[in-house]
Every structure is written in C-alpha cells, then in structure tokens.
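Participant: got a predicted structure here, sequence first:
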Amino acid sequence: MINYPKTTLPNVVRNELELARLIQQSTYPARIPAVEGYAVLGDTQPASWSNGDFYDAVGLMARQGQPGFVLDRRESVENLLLVLGDATGHGTGPALIATELRAIIRASIRLGVSHRNLTRCMNDQLCEDLPDGHFITLLMGRLNLERHMFRWVSFGQAPLFFYSARNHQVQMLEAHQPPLGLLPSAADYTPTETFFEPGDAFLVLSDGYMETANAHQELWGAERAAEVLRTQASHGPAAVLQALLREVNAFAVGQPQQDDRTFLMILRQSD
C-alpha cells in the first residue's frame, strides 16, 4: 500500500473520486435509441461522488433463425431493453456493484444470452461477490413497438407506476422476485406484459425519491410520486422529471440529499 503524505492525501483522494465519477458517467447511455411513437427518458442524480443507481437503454433485434435478441445499433429500433438498478446504499462501494452489473448485462446482450438465463447468471454472480446484507434491486424489460408492449420483470424494485390515459389513474405495481444477490435463483419466474394505449406511461423510480425525508423525518412517499405522474404524464417525461425534482426538493426544505435518485419513464405518445 502506498502511504501518501498527509498534506497531499485530500487532493489525491479528490482526484481519484473525480476520475471514478467520470468513468461511471461515461457508462450511462449517451442517447436512448428512438422507438417510433414513444418518448423514453432516463436520468440519475447521485447523492455523492459516485452513484449506486444506474439505468441503461439498449436497442435489440431478433436473431435470424434463432430465438432471442442481439444488439441493434440503429438510431431507431423496434425493441428496446430498459434497465434501472439500485445497489444498497450510495457512494463508491455501491457504485462498483452497479457498474459490475451494467457490464454483465451489456456483455450478455452482445453474446445473445436470453433474458431468463441472464437474470439467473446475474443473481448467482452477485450472490458470490457481494458481502452479507448487500443486494441490488433491478427492473429489466423489453419495449416492443409491434405489440405496444413492455415485457418486464422486477427484482425487488417497487413500487412501479403505470398511468392509464383512458381513466386518468395510476396503478402501483409490485416486484416479481427478491432483490438480486440475496438468495439463490428462483426455479422460474413469469414476466409481466404491460400494453400501452396512446397516452399511457410506465415510470420507474429508485427509492431515493420516495424515501426523501423532511426535517421531521417524514418520507415523501410513493403516493406523491403517483400524483405527479397522474397530473404531468400528458406533458411528457421531461415534465414529469422536472415536477418530481421540484416536489421532492420542496418537501425536503433544504435537507441534503441522502440517497441517489434515478428516473426511467416510457410514454406512448398520443396519435
């Protein structure tokens, strides 16, 4: 181990943390591939230098003559893989876990691994790698243009929010499985298929939003998040994001951000 002089240690640490932050930021998607008729937006706001949350968006195309999907690098795609993950805590340690999981997902897509096998491999690897008490919640799903369908599975990432434009209501959806890295893989799971009509929206938030506390240690909560989606969905994902940040910060009344906040939203645009 190198023993840095005490007078230079703060600058060395600061520079290393800044480099880690820049490397992690470079793994976020520079742009989300377009899906005709949909608006998709992701955003993440770390609580410190590094981020224990992550999101990703990857274009997919069906494999020729074989089941499954492979990477689609076109600017506009018909299948879009969307992921939001949240590692226990925040800071450098969780950031390493989040970056590892994102790398596993990307590598598996390049190899054409099925989503079912991918989730099993992710869980088994994290069970081996993570210290006791550490885990990752994860939402992973595929948006399909032809069927206007989002086929998704959630590992402890809940609640999820689905806005129906027809009845102007928000439904809260629960997770399918425990978080990744806690228990051996389940023998099987059945993904949920959510179908979009024009104006419908699907929203995923990490718990840094819902667990924002005010000076009285009251939590902002999922009901407030659902109400923001209900009132703002018709204005688009950017409006929902800005309203969420505005409402959360107003609720906290100057309290420092305690956890990473990550946002991922799908909106089927009105005809």
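Facilitator: That came through, no problem.

Participant: was I right to think Gly141 contacts Pro191?
Facilitator: Yes: Gly141 sits in contact with Pro191 when judged by C-beta atoms under 8 Å, with a separation of 7.5 Å. Where C-beta positions appear, they are placed from N, C-alpha and C, glycine not excepted.

Participant: okay, and the common contacts of the two?
Facilitator: With contacts taken as C-beta atoms under 8 Å, 6 or more residues apart in numbering, the residues that reach both Gly141 and Pro191 are 151-153.

Participant: closest to Thr231 out of those?
Facilitator: Trp152 (24.2 Å; C-beta to C-beta).

Participant: so that closest one, which of the three states?
Facilitator: In terms of secondary structure, Trp152 is strand; the call rests on DSSP: H, G, I helix; E, B strand; the rest coil.

Participant: closest to His168 among the shared contacts of Gly141 and Pro191?
Facilitator: Trp152 (22.8 Å).

Participant: for the residue nearest to the closest one when sequence neighbours are not counted, give the beta-bridge partners.
Facilitator: Spatial nearest neighbour of Trp152, excluding adjacent residues (C-beta to C-beta, 6 or more residues apart in numbering): Gly141 at 2.8 Å. Beta bridges link Gly141 to Leu82, Trp152, judged by DSSP bridges.

Participant: list the contacts for Gly141?
Facilitator: By C-beta under 8 Å, 6+ apart, the neighbours of Gly141 are 81-82, 150-153, 191.

Participant: just the pLDDT at it, thanks.
Facilitator: pLDDT, the model's per-residue confidence, is 94 for Gly141.

Participant: quick check: the spatially most central residue of the chain vs Leu264, distance?
Facilitator: To find the centre residue of the chain, average its C-alpha atoms and take the closest one (C-alpha atoms, centre = their mean): that gives Leu84, at 1.5 Å. For Leu84, the distance to Leu264 under the criterion C-beta to C-beta, to the nearest Å works out to 5 Å.

Participant: over to Ala250?
Facilitator: Taking C-beta to C-beta as the measure, Ala250 falls 23 Å from Leu264.

Participant: and those two? which has more neighbours close in?
Facilitator: Leu264 (26 against 11; other C-beta atoms under 10 Å).

Participant: what helices and strands are in contact with the helix or strand where Asp86 lies?
Facilitator: Using DSSP states H and E, the element containing Asp86 is strand 79-87. Judged by 3 or more C-beta pairs under 8 Å, 6 or more residues apart in numbering; DSSP states H and E, the packing partners of strand 79-87 are strand 38-45, strand 53-62, helix 92-111, strand 136-144, strand 261-268.
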